[in-house]
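Enquirer: Need a 3D model of the sequence below.
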Amino acid sequence: GEGPYHEKGKFFIYNWLSSQKLQVALEPFLKETNQFPDIFLTYQQRYFAIEYQCARLDFNLIYQRHMGYLEQDIIPIWILGANQFNRLGRNYLHVNGFIQQFIHQFAAHLPLSLYFFCPETLQLVTFKDLYFTRSQTAIGSFQFRKLYELRFRDLFISHELPKTVLYRLWEKEKQKFRMLSRPFINNKEREWQQWLYSKNIPIQHLPSLVYLPVPSQYLMKSSLWDWQSRIVLDLFQPLKVGSLFHRKRCNLLLKDHVYSTDVFPLISKPQNPIDDYLHLLEQLRVIERVSSHEYRKIETIQFPMHIEEAMIHDQLVLKQLKNSKIQT
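Expert: Numbering: from 1, shown residues only. A predicted model of the protein is given here:
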């Protein structure tokens with residue numbers, strides 16, 4: 001019911017899978033889920049429901065379809081129409097709230113993934129290993145391939161974003177964050193700026209520990225600079241060097257900032273953004289882990305005095321992260 005564009009794309013995907021001699025059905029009725037997936041596939045003794053989605057649907061309807069498959073041990077794969085694709089640069093994609101609900105992660109060792117298909121050019125685009133820089137903008141690794149150059153198993157190949165690329169691009173994001181004025185801001189951003197004002201800290205003087213790349217940022221309701229600055233200024237800054245703190249303090253501080261992992265059922269084992277951030281601070285030798293949930297502050301928080309100093313600090317912090325050997 002989505003129109004000719006959807007029908008054309010659906011048939012191309014079906015024929016692509018059929019040509020690989022896979023066990024595939026077009027729009028079968030699944031009694032267990034009371035649903036008609038666009039394509040149903042059996043591969044390596046697992047069941048897959050492939051949906052080609054070109055039109056926007058209500059979040060609750062999409063969520064119900066996700067869960068209907070997952071509850072029957074069927075793996076859903078959503079391929080979005082190229083009409084939803086909005087590339088912003090070599091490694092940048094516009095990922096609005098509608099697209100965010102189709103972020104996949106099939107296993108903990110695989111990167112976050114999005115899929116787009118154009119039935120006019122027969123091009124399948126994958127966007128993987130994505131890091132949100134802002135609420136609707138992400139950095140990641142693109143791959144553009146003709147559909148018939150691929151096998152079904154190729155959908156699960158990593159295509160990770162090189163860390164050298166990530167931190168080079170993040171340095172530019174930090175510069176924009178420091179330098180740009182914010183004449184048009186939403187309520188959350190306004191609240192955050194008022195909170196900063198109450199602490200007498202301009203954005204240009206924030207520590208370089210604020211606004212660092214976290215792969216699980218999609219789970220946060222607030223921007224990276226918002227929730228990370230609250231950890232640094234409200235939790236770490238008042239502590240004396242050598243003091244211990246429990247991870248629960250971070251949870252309490254940010255309890256209103258985090259989505260439930262249930263909001264993203266296509267992600268098999270969601271990471272925790274707070275844990276991701278604490279790990280970065282370990283890499284930067286600001287804190288050290290002393291037990292599974294307890295940390296010690298081992299370095300004072302540095303506040304740059306002017307914008308030039310801030311940018312130098314930002315470069316040094318990102319370089320340290322890029323070269324860090326500490327593993328998660």
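
Enquirer: In the stretch 201-328 of the chain, where is pLDDT below threshold?
Expert: 325-328 (pLDDT under 70).

Enquirer: Assign residue 245 to helix, strand or coil.
Expert: strand (DSSP: H, G, I helix; E, B strand; the rest coil).

Enquirer: Over to the closest residue to it other than its chain neighbours: give its phi and psi.
Expert: Spatially, and ignoring its direct neighbours in sequence, residue 245 is nearest to residue 295 (5.8 Å; CB to CB, 6 or more residues apart in numbering). The way it works is simple: take the backbone N, C-alpha and C, and place the C-beta from them, glycine included. Phi and psi for residue 295, reported as degrees, to the nearest 10, are phi -130, psi 160.

Enquirer: pLDDT on the longest strand along the chain, on average?
Expert: The longest strand of the chain (DSSP state E) is strand 123-134. Confidence over strand 123-134 (mean pLDDT, whole number) is 97.

Enquirer: and it, which strands flank it?
Expert: The pairing partners recorded for strand 123-134 under DSSP bridges are strand 113-118 (antiparallel), strand 137-146 (antiparallel).

Enquirer: could you dump those to a markdown table with mean neighbour count and mean pLDDT?
Expert: Converted to a markdown table, those look like this (neighbours: other CB atoms under 10 Å; pLDDT from 0 to 100):
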| stretch | mean neighbour count | mean pLDDT |
| --- | --- | --- |
| strand 113-118 | 22 | 98 |
| strand 137-146 | 17 | 97 |
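
Enquirer: can you tell which of those is closest to residue 44?
Expert: strand 113-118 (18.4 Å; CB to CB).

Enquirer: which outside residues touch that closest one?
Expert: Residues from elsewhere that reach strand 113-118, judged by CB atoms under 8 Å, 6 or more residues apart in numbering: 9, 12-13, 52, 77-82, 84-85, 93, 95, 99, 102-106, 123-128, 130, 147, 155.

Enquirer: just to revisit the earlier point, could you count how many residues lie near the residue nearest to residue 245?
Expert: 23 (other CB atoms under 10 Å).

Enquirer: what pairs with it across the strands?
Expert: Taking DSSP bridges as the rule, residue 295 bridges to residue 245, residue 289.

Enquirer: quick one on the thing from earlier: got TSV for the strands paired with strand 123-134, with distance to residue 26 too?
Expert: Listed next are the strands paired with strand 123-134 as TSV, based on distance: least, CB to CB, whole Å:
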stretch	distance to residue 26
strand 113-118	16
strand 137-146	21
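
Enquirer: Looking at those, spot the one closest to residue 268.
Expert: With CB to CB as the measure, strand 113-118 is the member of the strands paired with strand 123-134 nearest residue 268 (11.4 Å).

Enquirer: Distance from the chain centre to the closest one, please.
Expert: Distance of strand 113-118 from its chain centroid, counting by CA atoms, centre = their mean, to the nearest Å, is 15 Å.

Enquirer: what's the helix or strand for residue 98?
Expert: helix 97-100 (DSSP states H and E).

Enquirer: all helices of the stretch 51-200 of the chain, in order?
Expert: Per DSSP state H, counting those that start in this stretch, the stretch 51-200 of the chain carries helices over the ranges 59-70, 97-100, 163-179, 187-198.

Enquirer: Would you mind checking the average pLDDT for the shortest one?
Expert: When the per-residue pLDDT values of helix 97-100 are averaged, the result is 94.

Enquirer: again with the first one
Expert: With pLDDT averaged residue by residue, helix 59-70 scores 92.

Enquirer: Likewise for the last one?
Expert: Averaging pLDDT along helix 187-198 gives 92.

Enquirer: got the CA positions of the helix or strand following that helix in PDB?
Expert: As assigned by DSSP H and E, the chain's next helix or strand after helix 187-198 is helix 224-230. Below are the C-alpha coordinates for helix 224-230, written out as PDB (Å, rounded to 0.1, in the frame of the first residue of the first chain):
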ATOM      1  CA  LEU A 224      26.300  14.900  24.300                       C
ATOM      2  CA  TRP A 225      27.600  18.200  25.700                       C
ATOM      3  CA  ASP A 226      24.600  18.500  28.000                       C
ATOM      4  CA  TRP A 227      24.800  15.200  29.900                       C
ATOM      5  CA  GLN A 228      28.600  14.900  29.800                       C
ATOM      6  CA  SER A 229      29.000  18.400  31.300                       C
ATOM      7  CA  ARG A 230      26.700  17.500  34.100                       C
END
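
Enquirer: So which residues make contact with helix 224-230?
Expert: Counting by CB under 8 Å, 6+ apart, 132-133, 177, 188-189, 192, 195-196, 206, 209-214, 217, 220, 253-254, 257, 273, 277 sit against helix 224-230.
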